[in-house]
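Engineer: take this sequence and fold it.
(chains A and B)
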2 protein chains.
Amino acid sequence: MTEADGIASHGLAYVPIYAEHVRCGKVDGQAVPTVTEPRPGVVVVDGGTGFAHSAIDAGFQRLQPLAKSQGIAVLSIHNSYNCGVLGVHTQRLAQAGLLGIGFTNAPASIAPSGGAKPVVGTNPFSIAAPDGQGDVALLIDQSASTIAKSEVMKHAREGQPVPEGWVLDAEGRPTTDPEAGLKGSMVPSGGYKGVGIALTVELMAAALTGATLGSVASPFSGTAGGPPRTGQCFIAIDPLATSAGAFQERLSHLVASFRDQPGARLPGDSRRNCRTKASTEGVAVNAALLARVRELL
Amino acid sequence: MTEADGIASHGLAYVPIYAEHVRCGKVDGQAVPTVTEPRPGVVVVDGGTGFAHSAIDAGFQRLQPLAKSQGIAVLSIHNSYNCGVLGVHTQRLAQAGLLGIGFTNAPASIAPSGGAKPVVGTNPFSIAAPDGQGDVALLIDQSASTIAKSEVMKHAREGQPVPEGWVLDAEGRPTTDPEAGLKGSMVPSGGYKGVGIALTVELMAAALTGATLGSVASPFSGTAGGPPRTGQCFIAIDPLATSAGAFQERLSHLVASFRDQPGARLPGDSRRNCRTKASTEGVAVNAALLARVRELL
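Structural biologist: Residues are numbered from 1 along each chain as shown, chains lettered A, B, ... in the order given. From the prediction side, this is the model:
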C-alpha cells in the first residue's frame, strides 16, 4: 500500500476502485502479460488490459538484467492501466543499482496553452537514483499539473474546496470547486512548460509504446468506457557504465548541496520522512474507507 | 547559426564569447574528442575541454547506428562545455528516424525550494520526434527556469529591465534588474517542480556522465575559472522497435489534437515558424554584434 510510502491519495483509497474496475471489465483480473524482446535493448509488454503492476513486474524481470548487460534498456508497455504511484516502480530499479526513469500516461485533463479542450493527462514522470548500497538515494516523482488529479478527486470525495490555481472549469475559468475542475481541466505547472512536460510524457508513455493516447483513453474513474489501454515506459541505465565509476561521488555531492542549506527541500525527502514515520508509527487510515475495503474481503 | 533556428539569444551573439573562451583557455579549440563503448548500448565521449558540438558530433556517429541495432542507446559526454541550443542536437536524431532525448547541465543558477544558494543550472531538456520521412515532427526544448538565462544576459547586455518573475537577487528577493538577477538566481518554472526538472537534468547530464556538477563548474560567461567541464547526455530510441510500428500514427494524432484547436500552441511551432521565415526572408542581426563578429575574422 502506498499509504506506507506517504501518498495517502494513492493508497488504500484505490482498493475499492480497483475492485470495481475488475467487476465492470475495465481491468481483466486474470490477464497474463506477454513479454517480447524485439531488439537487444528493448522489452515490450502487452498488458492484456490487466493491472499495470503485473505488466511492470513481468517487464522488470527482463529490463533489469538487460540494463546491466547492455548499459541501457527500455521497457515499453501497452494495453495497460493506472500504475498508481510511479515512483514506487522507479524506486525498485534504483534498489537494483540502476538509474530508473519512468513515464505513465492518463486520460486527458490538461489543455494546450491557448486552447481549452484537454488533450494530455497530468502525466507524471519519475527518476530514481541508486545509493550504491541497494537503496534509493534520490527520488523525483512529479506530475505535469500544479497538483496531482488524485488530490482533486480526494477533495471532491470529501466535499472540500480546492485552492485556486489547481483547476479550471470547462470554459477554462479558474474555480475552487473540485467537481467543476474534474469536468474542466487541470492547471499545468509553470504554464506552457507544464504542457511541455505532459507532452513529453505522452510521447514516451503512449506514442513510443503504441498505447492509447490520453485524448481518447477511457477514464481511470467510474465504470464507463471499457479498458483505458494506456501505457508506461521505463528506461534503466547502469551508471557504472556511463560515468566510469564517478556516479556515486557526484550524486552524494549533489544531494549534499541541497541538504546542507538550512530550510532547503530535496525532492522526495518529505515522502521519505512519511515512509520512515509509517514504518515505526503505523499508518492512519480513514475509518469509512477501511470499512469499504473490509467489505471487499 | 541558431539565428536561423529562431533563437536569437543563442546565435551569432555567442561567436565573440566562443572566440574569447578559446583565447583564455576555457575551451581547447584543438581538442579531439575520445570515443569509447564500454557496453553494447553505451557511448562515452571525453570532450577534452573542447567545444561541446565536436564531442556531440563524434558521439552521434556511434549513437545513431547503435540505437537502430540495439533499439536504445545512450551517449554520455564529460569534459564538455555549453552546447548552445539543445534542440538543434536532438533534432538531428529525429531527422535520423530516432526519438532523441537530450540533457545538458550548466553552472548553478537555481536555488532549492526553501533555500537561497544556487545549486543547479537552468538545465534544459529536449525531446525530438521523427516524422517518419527524414524530418522532425515535434520538438520540445525547455529550460527549468521561467526563462532561459541567456535571455537575462541579453537584457543585461542591452541595458533593459527584465519582467518580474524571471530572476531573484542574491538575497532571494524578486527584482527586474538583470545584473542583480545574474548575481542572484533564476526563478524555477512552476516553483518546486522546476527545481525537480533542473535536478533531473543534473542527474542525467552531470552525475550519470561523471561531468562537473553545476554547483562547482566555472561560469559559461567571462574568462575566469578555466574549462567548465560540464556534461551532456543523449538517449536515442528506435520507435519502430518499441511500438510495433504504431508510433507514427499515434504521433500524428497527438500533434493534431493540439493543432486542431483554434489558438492552441504546440511546443516548438513558433521556433519552426521562425526557421521557415529565416529560410525565405533571411535573418535580422544587430549591426554592432555583426561588427564584433567581423572583427574576429
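Engineer: pLDDT weak spots in chain A?
Structural biologist: Across chain A, residues meeting the criterion (pLDDT under 70) sit at A:1-9.
Engineer: once you drop chain neighbours, what's closest to the most far-flung residue of chain A relative to its centre?
Structural biologist: Largest separation from the mean C-alpha position in chain A: A:Ala244, at 30.6 Å (Cα atoms, centre = their mean). Leaving aside its chain neighbours, A:Ala244 sits nearest to B:Gly210 (5.7 Å; criterion: Cβ to Cβ, 6 or more residues apart in numbering or on different chains). Where C-beta positions appear, they are placed from N, C-alpha and C, glycine not excepted.
Engineer: roughly how far apart are the one you found and A:Asp135?
Structural biologist: From B:Gly210 over to A:Asp135 the distance is 21 Å, taken as Cβ to Cβ, to the nearest Å.
Engineer: these two: which is more packed in?
Structural biologist: More crowded of B:Gly210 and A:Asp135, by other Cβ atoms under 10 Å in any protein chain shown: B:Gly210, with 22 against 10.
Engineer: hmm, back to that, quick check: phi and psi on the residue farthest from the centre of chain A?
Structural biologist: Phi and psi for A:Ala244, reported as degrees, to the nearest 10, are phi 50, psi 40.
Engineer: wait, it sits on B:Leu208?
Structural biologist: No. Counting by Cβ atoms under 8 Å, B:Leu208 is not a contact partner of A:Ala244; they are 11.2 Å apart.
Engineer: hey, what's in contact with both of the two?
Structural biologist: Taking Cβ atoms under 8 Å, 6 or more residues apart in numbering or on different chains as the criterion, A:Ala244 and B:Leu208 do not both touch any residue.
Engineer: which positions in the stretch 51-200 of chain A make contact with chain B?
Structural biologist: Residues of the stretch 51-200 of chain A lying close to chain B by Cβ under 8 Å from any Cβ of the partner chain are A:69-74, A:76, A:78, A:99, A:111-117, A:119, A:125, A:127, A:129, A:138, A:140, A:142, A:146, A:189-197, A:199-200.
Engineer: just the buried residues from these, in ChimeraX please.
Structural biologist: The following ChimeraX line selects those of these that are buried, judged by 16 or more other Cβ atoms under 10 Å in any protein chain shown:
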select /A:70,71,72,73,74,76,78,99,111,112,113,115,116,117,119,125,127,129,138,140,142,146,189,190,193,194,195,196,197,199,200
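Engineer: can you tell me which of the residues of the stretch 51-200 of chain A next to chain B are in strands?
Structural biologist: Judged by DSSP state E, the subset of these located in strands is A:Ile72, A:Ala73, A:Val74, A:Ser76, A:His78, A:Leu99, A:Phe125, A:Ile127, A:Ala129, A:Leu138, A:Ile140, A:Gln142.
Engineer: out of everything not next to it in sequence, what's closest to the residue positioned nearest the centre of chain A?
Structural biologist: The residue lying closest to the centre of chain A (Cα atoms, centre = their mean) is A:Leu86, at 2.9 Å. Nearest non-adjacent residue to A:Leu86, counting by Cβ to Cβ, 6+ apart: A:Ser126, 4.3 Å away.
Engineer: how much space between the one you found and B:Gly196?
Structural biologist: 10 Å.
Engineer: touching both of those two, which residues are there?
Structural biologist: A:Ile140, A:Gln142.
Engineer: A:Ala246 reaches B:Thr212, doesn't it?
Structural biologist: No. Using Cβ under 8 Å, A:Ala246 makes no contact with B:Thr212, being 10.1 Å away.
Engineer: more neighbours, those two?
Structural biologist: It is B:Thr212, of A:Ala246 and B:Thr212, that has more neighbours when counted by other Cβ under 10 Å, with 21 against 18.
Engineer: element containing that one?
Structural biologist: Counting by DSSP states H and E, there is no helix or strand that carries B:Thr212.
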